[in-house]
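1. Okay, here's the prediction I keep looking at, along with the sequence it came from:
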Amino acid sequence: MSTPNNQKDYLQPHVYANDNFPQGIKVLCILTYVGSGLQILGSVFNYFMVAYSVKQLESMKDIEKQPALKGMSSFFKWSAESTLKQYEYRSVLLVVSVICAVLCIYGAMQMRKLKKQGFVIYSIAEFAFPLITTLLVGFVSGVFGLFVAVLFVILYATQRKHFTN
């Protein structure tokens with residue numbers, strides 16, 4: 001709605017709505033912002049909690065000795081090794097996780113402006129953290145992250161037709 005001298009009435013909620021903007025990009029960007037924020041919080045939390053997990057490894061050895069859990073010995077061994085690797089690389093994982101999350105947010109902001117470069121930045125950052133986790137800690141530790149990365153890159157790729165240079 002415009003006033004008589006052709007100024008926009010900013011008190012009207014429909015003034016801010018852009019009906020031509022792709023709904024898929026809006027939703028994906030919001031999910032990216034939320035997911036990246038949770039990744040930052042989770043990586044900081046994990047940085048401090050992995051030390052507690054290492055302390056709990058001794059009690060896990062006692063649990064492993066129980067006769068009912070004899071078939072689970074390989075799982076317990078893998079879990080202990082994974083925990084020790086996470087503790088060893090906790091600083092690297094924290095830094096890489098935060099950097100990748102910030103780059104994902106930046107890439108999503110660029111895609112929100114319909115820029116192709118945002119897709120490239122986002123895709124690289126989205127795959128970097130799970131790949132580094134897989135290399136440092138092990139394949140199982142990075143599987144979920146790789147699944148999410150593939151899913152979101154495919155979803156954003158379906159929106160590339162809306163991007164400009």
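-> Perfect, I can see it now. Quick caveat: nothing in here was measured; it's all calculated off a predicted structure.
2. Now for the closest residue to residue 107 other than its chain neighbours, how many residues are close by?
-> Among residues not flanking residue 107 along the chain, residue 122 sits closest, at 2.9 Å (C-beta to C-beta, 6 or more residues apart in numbering). For glycine as for every other residue, the C-beta is placed from the backbone atoms N, C-alpha and C. Residues near residue 122, counting by other C-beta atoms under 10 Å, number 27.
3. Just list the residues touching residue 122, thanks.
-> Neighbour list for residue 122: 32, 103-104, 107-108, 110-111, 153, 156 [criterion: C-beta atoms under 8 Å, 6 or more residues apart in numbering].
4. got those as JSON lines, with secondary structure and pLDDT columns?
-> Listed next are those as JSON lines, based on DSSP: H, G, I helix; E, B strand; the rest coil; pLDDT from 0 to 100:
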{"residue": "32", "secondary structure": "helix", "pLDDT": "96"}
{"residue": "103", "secondary structure": "helix", "pLDDT": "98"}
{"residue": "104", "secondary structure": "helix", "pLDDT": "97"}
{"residue": "107", "secondary structure": "helix", "pLDDT": "96"}
{"residue": "108", "secondary structure": "helix", "pLDDT": "96"}
{"residue": "110", "secondary structure": "helix", "pLDDT": "95"}
{"residue": "111", "secondary structure": "helix", "pLDDT": "94"}
{"residue": "153", "secondary structure": "helix", "pLDDT": "96"}
{"residue": "156", "secondary structure": "helix", "pLDDT": "95"}
